[in-house]
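> quick one: sequence plus predicted model below, questions after.
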Amino acid sequence: LVARGLEAEPNNRYTAFDPICLDFDPDAVGGSDLKWNSLIGADVQILIDGQAMTGAYVSGDGRLSRKDGKKNYDDPESSLFQYCLLLWQNGLHTLTIRIPQGVSDKTDYSWAVYGETSANCGNNQIENDCLGT
């Protein structure tokens, strides 16, 4: 999993100053490791504090894509980082990526993320999920 917009902090924590953009490494998913190839076409859940964000799936080229078909404002023409979300709520949150059973020994991968109010969840961000106002 590739994440952008998170800054590493002590104690295995991250701070989100910008939109958090998520994707899979296409070399791993589309590569020779058959275990990760089984992710192609699979539904992936993104949760913040247990609240489900827009559904996602792994596209044929091994990338994380939105199920609603929208493109994120990050770069609509790029096949990288098509899934972004905003965390505009101060405090410590849990970001969880849930993959289907059978691909890995575990299904939930979680990180502690501290939100900073540096982004606005207003109408100018309608293409992105947003937690908080």
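Ah, there it is. Fair warning: this is a prediction, and the values are worked out from it, not measured in the lab.
> you'd agree Trp111 is up against Asn11?
No: at 11.6 Å, Trp111 does not count as touching Asn11 under the criterion of Cβ atoms under 8 Å. Every C-beta, even on glycine, is put in place using the N, C-alpha and C of the backbone.
> settle it for me: which of the two has more neighbours?
Comparing Trp111 with Asn11 by other Cβ atoms under 10 Å, the one with more neighbours is Trp111, at 16 against 5.
> now the more buried one, nearest residue through space, not along the chain?
Leu95 (5.0 Å; Cβ to Cβ, 6 or more residues apart in numbering).
> got the CA coordinates for the helix or strand in which Phe17 is found in CSV?
For Phe17, the host element (DSSP states H and E) is strand 13-23. Output in CSV follows, covering the C-alpha atoms of strand 13-23 (Å, rounded to 0.1, in the frame of the first residue of the first chain):
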residue,chain,number,x,y,z
ARG,A,13,1.7,7.6,14.6
TYR,A,14,1.2,9.9,11.6
THR,A,15,-0.1,13.4,11.1
ALA,A,16,-2.3,14.3,8.1
PHE,A,17,-1.6,17.8,6.9
ASP,A,18,-2.9,17.3,3.3
PRO,A,19,-5.4,15.0,1.7
ILE,A,20,-4.5,11.4,2.3
CYS,A,21,-4.1,9.6,-1.0
LEU,A,22,-4.0,5.8,-1.2
ASP,A,23,-3.0,3.3,-3.8
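> list the buried residues for it?
Using 16 or more other Cβ atoms under 10 Å as the test for burial, strand 13-23 gives 14-23.
> list the helices and strands that strand packs on?
For strand 13-23, the packing partners by 3 or more Cβ pairs under 8 Å, 6 or more residues apart in numbering; DSSP states H and E come out as strand 2-9, strand 83-87, strand 91-98, strand 108-115.
> pLDDT below threshold where in the chain?
Counting by pLDDT under 70, the chain shows low-confidence ranges at 28-36, 71-80, 88, 103-104, 117-133.
> how close does the spatially most central residue of the chain get to Gly5?
Taking Cα atoms, centre = their mean, the centroid of the chain lies closest to Leu22, which sits 3.6 Å from it. Distance of Leu22 to Gly5, computed by Cβ to Cβ, to the nearest Å: 9 Å.
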